[in-house]
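Asks: Take this sequence and fold it.
(2 chains)
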Amino acid sequence: MEPHADDAAVVEAILAGDADAFRTLVDREAAAVIRACHRILGDLGEAEDVAQEAFVTAYRSLGSWRAEGPFGAWLSRIAVRLAIRQATRRRTVAWVSPGAGGDGSSDDPVARLRSDGSADPEGLMLRGERQLAVRNAVAALDEPYREVVALRFFAERSLDEIATLTGRPLGTVKTHLHRGLIRLRGQFAEGES
Amino acid sequence: MTGPGSYRPSEADGADTTIPDSELAQAYAAARLLERAMPADPMTRSGDFVDRVMAAVAAEPTPRAAGFLGAFTANPGPVTFLASIRSAWRTAADAAGRPVRIRATAMAYVLAVLVAAVSLTGVAAIGTAGALGWFQRDGSPEPSGLVTSPVPSSSPSDQVTPSGSPEPSESAEPSESAEPSESSEPPGSSEPGDTPGPTSSRAPGATSSPEPSDDHGESPSPSSSDDSGGSGSPSNTPRPSDTPKPSETPH
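Replies: Numbers count the residues shown, from 1 in each chain, chains lettered A, B, ... in the order given. The predicted structure is shown next:
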């Protein structure tokens, strides 16, 4: 059975009242959605919260899914939007106190240093800053470039899927992606300077 | 399903605009920076993530098919029909965030319902007016002298005499009224060729003049008796009283 047909059957069952059928979709898409949110937010806990919100939002709007593409692509779009919104809301600078944490959290660079003596502290910090700068640069892009770039790189959706999701011609999506990357290049260059 | 993988400049092939090579190189460089800067993917997620999502979803009402016709198609009925019209109107009037195509579809739906409602209302109104004889107010043919009041009522104003006509109240067919000759002939009335007026009416003779406006109201054209045999000669209009009635035994 084609993936789309399978998704459509599950969605139809949910709309008919079988809420438990939604678990099938959650099980299938959770990893990809959390991964996309983590790439945008950089924090696993926050990514899971946003992913959960994305699933609930998708559940509420299930009636509007047109089965024109994979359910996961439609869900990714919701998740990416929520994650970008969350990223733009929170503070751009995260202060890390050397004395705090210690809980072994992988998101705490200081804790990572304590757990992994081989890590280069300066390198870790620099990498973290670069990641933050990239995420902020993507969040600062104008639409529709931001959405296309986020779906392509963070949610790992093909350009065909993005064209179907956004309702735009494939050629237009390619143009938007290109222009988004050009603008990012400009922002990276400014940052480096 | 695998993702698109690492970005390649060939992904820009087929773009709407022609892209110079220098820009292709810049876009590729930006893509590489982006890919390298992304954090390592989490190897595992919380074990109870799915359960948390299902718990959150359990508190939500069952989703319904979307669109202004969603509720109506799911549960056809007058209430959902009215709700669909309301929803379509809101969709059509919502200028922000709605694609033109969707708004146009919603507006077309509203207009179609409106036209249908107006048409039905108009037909019903005309039919009712016809049944009530409003169209023949000043009726034409009211040959005062000839008013053969059929047994029932003889008042000229009684255009439609229910009693005389087969089924007076049924008609509502304006067009019928315009052609008296075709109208219902009262069951007893025999003379097929005649008159329009079932019984009651009026002046058979006069009546026969088929004046469009002149609806004797006996339009109730009992569909069955609808005999277009027509009018024949007005003068032959049978008097209602002539109609043989069982009770009217000659002697």
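
Asks: From residue A:129, how far out is residue A:44?
Replies: Residue A:44 sits 19 Å away from residue A:129, taking CB to CB, to the nearest Å as the criterion. Where you see a C-beta, it was placed from the backbone N, CA and C, and this is true even at glycine.

Asks: Neighbour count: the two, which is higher?
Replies: For the pair residue A:44 and residue A:129, the greater number of neighbours falls to residue A:44 (19 against 13), based on other CB atoms under 10 Å in any protein chain shown.

Asks: where along chain A do the helices fall?
Replies: Assigned by DSSP state H, the helices in chain A fall at A:3-15, A:22-41, A:44-60, A:71-89, A:109-115, A:121-140, A:145-149, A:159-166, A:170-192.

Asks: can you tell me the residue of chain A closest to chain B?
Replies: Nearest residue of chain A to chain B (CB to the nearest CB) works out as residue A:156 at 3.2 Å.

Asks: hmm, which helix or strand of chain A has the shakiest average pLDDT?
Replies: Across the helices and strands of chain A, mean confidence by mean pLDDT, DSSP states H and E is lowest for helix A:109-115: a mean of 49.

Asks: list the helices and strands the helix or strand encompassing residue B:125 packs on?
Replies: Using DSSP states H and E, residue B:125 maps to helix B:100-132. The elements that helix B:100-132 packs onto, with contact taken as 3 or more CB pairs under 8 Å, 6 or more residues apart in numbering or on different chains; DSSP states H and E, are helix B:78-93, helix B:174-177.

Asks: And those: which comes nearest residue A:17?
Replies: helix B:78-93 (17.1 Å; CB to CB).

Asks: how about that closest one: buried residues?
Replies: Within helix B:78-93, the residues scored as buried using 16 or more other CB atoms under 10 Å in any protein chain shown are B:80, B:83, B:84, B:85, B:87, B:88, B:89, B:91, B:92.

Asks: Spit out the contact partners of residue A:177.
Replies: A:145, A:148, A:149, A:152, A:159, B:11, B:12 (CB atoms under 8 Å, 6 or more residues apart in numbering or on different chains).

Asks: Show me the domain layout of chain B.
Replies: Domain ranges of chain B: B:64-130, B:139-240, per automatic domain parsing.

Asks: lowest-confidence stretch among those domains?
Replies: When the domains of chain B are compared by mean pLDDT, domain B:139-240 comes last with a mean of 45.

Asks: Right, and chain A sits closest to which residue of chain B?
Replies: For chain B, CB to the nearest CB, closest residue to chain A: residue B:3, 3.2 Å.

Asks: Just the element for that residue, please.
Replies: Assessed by DSSP H and E, residue B:3 sits outside every helix and strand.

Asks: That one contacts residue A:159, correct?
Replies: No - look at residue B:3 against residue A:159 with CB atoms under 8 Å: they stay out of range, at 11.3 Å.

Asks: Can you get me a residue count around the residue of chain B closest to chain A?
Replies: Neighbours of residue B:3 under the rule other CB under 10 Å: 13.

Asks: who's in contact with it?
Replies: Counting by CB under 8 Å, 6+ apart, residue B:3 makes contact with A:156, A:157, A:158.

Asks: And residue A:117, what's its pLDDT?
Replies: For residue A:117, the model assigns a pLDDT of 49.

Asks: Looking at the buried residues of helix B:78-93, spot the one nearest residue A:186.
Replies: For these, the nearest to residue A:186 is residue B:91 (39.6 Å; CB to CB).

Asks: Pull out the buried positions in stretch B:26-33.
Replies: Neighbour-count burial for stretch B:26-33 flags B:26, B:27, B:28, B:29, B:30, B:31, B:33 (criterion: 16+ other CB under 10 Å).

Asks: quick check, nearest of those to residue A:133?
Replies: residue B:33 (9.7 Å).

Asks: Just the element for the closest one, please.
Replies: Using DSSP H and E, residue B:33 maps to helix B:21-37.

Asks: The helix or strand following that helix vs helix A:22-41, what angle?
Replies: Next helix or strand after helix B:21-37 toward the C-terminus (DSSP H and E): helix B:49-58. Relative orientation of helix B:49-58 and helix A:22-41, computed by axes from the mean of the first three to the mean of the last three CA atoms, to 10 degrees: 110 degrees.

Asks: which residues are in contact with stretch A:10-26?
Replies: Residues from elsewhere that reach stretch A:10-26, judged by CB under 8 Å, 6+ apart: A:7, A:55, A:59, A:62-63, A:65, A:67, A:71, A:75, B:50, B:53-54, B:57-58, B:62-65.
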